[in-house]
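Participant: no sequence on hand, only this structure:
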């Protein structure tokens with residue numbers, strides 16, 4: 001059973017993961033054209049785009065970017081959402097909102 005605090009935490013994670021792919025996808029696609037001189041593929045998969053343009057991230061940052069993409073997927077499907085609800089403690093949510101903001105800032109600085 002979901003409590004209000006868990007719902008609010010999931011909403012916080014989901015809100016940040018919605019912002020990251022939208023703006024970051026645009027940045028990565030622009031960088032794709034700049035680096036490879038070809039139109040980017042029709043994808044929203046940030047890890048794939050980043051690797052194709054040889055974006056320099058640490059292994060930890062790549063893992064975080066992949067996890068953020070998973071949050072975006074998980075928040076859309078009921079069975080995956082239940083798993084995310086169980087994880088979404090206050091500390092977990094705060095940690096991932098901060099990580100999302102940090103990656104967003106890094107990628108925007110390209």
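Facilitator: Arrived safely, thanks for sending. Since this is a predicted model, take the numbers as computed values, not measurements.
Participant: just want the most central residue of this protein.
Facilitator: Nearest residue to the geometric centre of the chain (Cα atoms, centre = their mean): residue 68, 3.2 Å.
Participant: measure that one to residue 102 for me?
Facilitator: 11 Å (Cβ to Cβ, to the nearest Å). From N, CA and C alone the C-beta is placed, and that goes for glycine too.
Participant: please enumerate the helices of the protein.
Facilitator: Secondary structure of the chain (DSSP state H): helices at 4-36, 46-52, 59-74, 78-87, 90-108.
Participant: between helix 78-87 and the third one, find me the angle.
Facilitator: Put plainly, it is helix 59-74. Angle, helix 59-74 to helix 78-87, by axes from the mean of the first three to the mean of the last three Cα atoms, to 10 degrees: 130 degrees.
Participant: name the helices or strands packed onto helix 59-74?
Facilitator: In terms of contacts (3 or more Cβ pairs under 8 Å, 6 or more residues apart in numbering; DSSP states H and E), helix 59-74 is packed against helix 4-36, helix 46-52, helix 78-87, helix 90-108.
Participant: how far away from the center of its chain is it?
Facilitator: Counting by Cα atoms, centre = their mean, to the nearest Å, helix 59-74 is centred 5 Å from the centre of its parent chain.
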